[in-house]
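Novice: no sequence on this one, just coordinates:
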């Protein structure tokens, strides 16, 4: 059931105007879409992250669905408790959604998420990835990409980005997907598909952040588009272990369809430290990944073929 | 019909969770708590207990899962010990700050390094500031009764604070004893449906726990303090009600034994309190006027009851199965704090005993009592808190 048009989304607003996000905040755009996609029967579980601040301070909130703020590392655990209690109360039509930043997912939150997934907890977990600890002022996370400036990697991160989607796929959960703020229909379709599946569903959402990535706040959507059209970020699904590129990325299987990665890096202040050699090295990594995507997508292979 | 049950305190804690009709248990094994959760797993898998047991991957997740479940409107339970409790520390704060009525059995065990699996109260007492109500049990019957009473207490609208029910590892947890378990229908009458002050509800959407500025935060904390004060008054009433229905009462906040005319009162917690009664009996036979008082509830601290005891005696000897490094045991410190401005306040002599499971027998307690009785005018050295049975 593909949502073909943004106009098909409900008019109801569940993320109200006047929230406290930065201008041009990618995650805020996506949270608003998520709530439109899933409607009012949602419990949001939100650890310490940008959304803690975005929702606004007591006695106000900009979120019109029940939202449980919880400790930084424990989104998966809180969701487990909530799901169990809903089942005991026979309230099966509430969708539990963990909405966590990259820090609370790939670093401090990985244990609780892994545990929840291993137990097959019936919830949707969305990691909105702005590639740093945004809430505390842009320190590096395990999801920060190679070469990016952050306040704790002033000379650029020396390690590669942790591949959380593959880690989640290795848990053999029924549904894993990547998404991007700049592709709203793709995101909405994936959310609605996830809702229909029993078990743990994981969506890793690349979510551009003008504050941390150092670009003009009017360019968030453009930045996400470039992430995808350069191939730096691939949109795909892993359903019951089978890998499938999503159409915005499937179009880019041929290398000459993809823009050079520098189209993406040159527009963000956080990558100004990258040397020409490093950029070419990254281009090589991207091409290697895409060679794998091409092979696996061709015969809808299992995701294990993605791992070297 | 009430039924006799011969089992370990850990298994009995499991029976109590079942009798309380708990709906979600989230727990992680740790010695000496493990048999609590194994018993509950048995009950749930056999269908004897209509609940869900989430086999979480750490104690921090156990407490957070309980928070999630309690926030969604069901009665929850967990259990832990020692480092497991320490790992939950920030989540303990979150539970009490969220005003969620969660009950947890803490099977007391010493902290490492170095590793020790044997009992003392360092684990639970070092969590005294987290806004949790704390009970300390002296026998298996009390473990059962206190867990049931705990739910009644924490779900009262004047309280809505989480409760830990503490029991010493191995001494109680793994020791078989006979208890009387009340009939389920009677327990159901005593313990109504789960209640909490708030709930996640799609028809009444709120954001829970979001940022509170300095303008509002203190009032939230004051309300927790108020709830503790109300709990202090409610605990004896619940205990009395329970005793009337089921025959077992514990004297509310403090269980007193022969304190009325005592020159010396031994102030204790947990099983040392049971042992102290034997010491009192022997000392009384020798004509010495000694009594013992077992602090059953450490949080809220029973300040008024301590002051009452202090008014009627010359010497209080506190026995702490705990040390706060750089100061003394909390029972000693808080007792002194409770009576410092009292006219003719008694001598308070602190003893540290039983750390890491070192045995504290009624003979040991007798020796502490004999020593204390001699302290009419304390020298500076004699006034200091003493460590008992320390090897040279």
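Specialist: Happy to help now that I have it. Bear in mind that the values here come from a model prediction, so they are computed numbers and not experimental data.

Novice: what sits against the closest residue to residue A:92 other than its chain neighbours?
Specialist: Excluding the flanking residues, the one nearest residue A:92 by CB to CB, 6 or more residues apart in numbering or on different chains is residue A:86, at 6.9 Å. No exception for glycine: its C-beta is placed from N, CA and C like everyone else's. Taking CB atoms under 8 Å, 6 or more residues apart in numbering or on different chains, we find residue A:86 in contact with A:43, A:92, A:94, A:96, B:72.

Novice: Filter those down to just the buried residues.
Specialist: The neighbour count (16 or more other CB atoms under 10 Å in any protein chain shown) marks A:43, A:94, A:96, B:72 as buried among the contacts of residue A:86.

Novice: Just put those in TSV and tack on pLDDT.
Specialist: As requested, the buried ones among the contacts of residue A:86 are exported to TSV (pLDDT from 0 to 100):
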residue	pLDDT
A:43	98
A:94	98
A:96	98
B:72	97
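
Novice: Mind checking which of the residues you listed land in helices?
Specialist: Of the buried ones among the contacts of residue A:86, none are assigned to helices by DSSP state H.

Novice: Closest to residue A:218 out of those?
Specialist: Nearest to residue A:218, judged by CB to CB, of the buried ones among the contacts of residue A:86 is residue A:43 at 33.5 Å.

Novice: what pairs with the closest one across the strands?
Specialist: Residue A:43 forms beta bridges with residue A:96, as assigned by DSSP bridges.

Novice: just checking, it touches residue A:97?
Specialist: Yes: between residue A:43 and residue A:97 there is a contact under CB atoms under 8 Å: 7.1 Å.

Novice: before we move on, which element is the nearest residue to residue B:59 once chain neighbours are set aside in?
Specialist: In space, and not counting its chain neighbours, residue B:59 is closest to residue B:84: 3.9 Å by CB to CB, 6+ apart. Taking DSSP states H and E as the criterion, residue B:84 maps to helix B:82-87.

Novice: elements contacting that helix?
Specialist: For helix B:82-87, the elements it packs on are helix B:59-71, helix B:122-125, judged by 3 or more CB pairs under 8 Å, 6 or more residues apart in numbering or on different chains; DSSP states H and E.

Novice: switch to 6 Å and redo it
Specialist: Other helices and strands packing on helix B:82-87, by 3 or more CB pairs under 6 Å, 6 or more residues apart in numbering or on different chains; DSSP states H and E, are helix B:59-71.

Novice: can you pull the buried residues of the helix it packs on?
Specialist: B:59-71.

Novice: By mean pLDDT, point me to the weakest helix or strand of chain B.
Specialist: Least confident element among the helices and strands of chain B, by mean pLDDT, DSSP states H and E: helix B:380-383 (a mean of 72).

Novice: Off-centre distance for the very next helix or strand once past it?
Specialist: Sequence-wise, the next helix or strand downstream of helix B:380-383 (DSSP H and E) is strand B:386-387. Offset of strand B:386-387 from its chain centre (CA atoms, centre = their mean, to the nearest Å): 23 Å.

Novice: Give the pairing partners of strand B:386-387; include direction for each.
Specialist: Using DSSP bridges, the strands paired with strand B:386-387 in its sheet are strand B:347-352 (parallel).

Novice: What residues of the partner strand count as buried?
Specialist: Under 16+ other CB under 10 Å, the buried positions of strand B:347-352 are B:347, B:348, B:349, B:350, B:351, B:352.

Novice: now that strand, how far from the chain's geometric center?
Specialist: Centroid displacement of strand B:347-352 relative to its chain, using CA atoms, centre = their mean, is 21 Å.

Novice: residues in contact with it?
Specialist: Applying CB atoms under 6 Å, 6 or more residues apart in numbering or on different chains, the external contacts of strand B:347-352 come out as B:315-320, B:323, B:328-329, B:332, B:335-336, B:368, B:372, B:375, B:385-388.

Novice: quick one on the thing from earlier: wait, which of the buried residues of strand B:347-352 is closest to residue B:306?
Specialist: Using CB to CB, the buried residues of strand B:347-352 come closest to residue B:306 at residue B:348, 9.9 Å.

Novice: sec struct for the residue of the stretch 101-250 of chain A found nearest chain B, please.
Specialist: Across the stretch 101-250 of chain A, no residue is closer to chain B than residue A:115, which sits at 3.3 Å (CB to the nearest CB). Assigned state for residue A:115: helix (three-state reduction, DSSP: H, G, I helix; E, B strand; the rest coil).

Novice: which residues does residue B:216 contact?
Specialist: residue A:58.

Novice: In the chain, where's the longest helix?
Specialist: No chain specified, so I'll use chain A. With secondary structure taken from DSSP H, chain A has its longest helix at helix A:276-298.

Novice: Let me rephrase: I mean chain B.
Specialist: As assigned by DSSP H, the longest helix anywhere in chain B is helix B:217-246.

Novice: Which positions in that one come out as buried?
Specialist: B:227, B:228, B:230, B:231, B:232, B:234, B:235, B:236, B:238, B:239, B:242, B:246.

Novice: the strands in the stretch 151-300 of chain A, which residues?
Specialist: Taking DSSP state E, counting those that start in this stretch as the criterion, the stretch 151-300 of chain A carries its strands at A:175-180, A:200-206, A:236-239, A:242-245.

Novice: Tell me the residues of chain A that contact chain B?
Specialist: A:40-41, A:43, A:55, A:57-58, A:61, A:63-69, A:71, A:74, A:77-78, A:80-82, A:84-86, A:88-89, A:112, A:115 (CB under 6 Å from any CB of the partner chain).

Novice: what does the stretch 1-150 of chain B put close to chain A?
Specialist: Contact residues, the stretch 1-150 of chain B versus chain A (CB under 6 Å from any CB): B:23-24, B:26, B:52, B:54, B:57, B:61, B:64-65, B:68-69, B:71-74, B:90, B:94.
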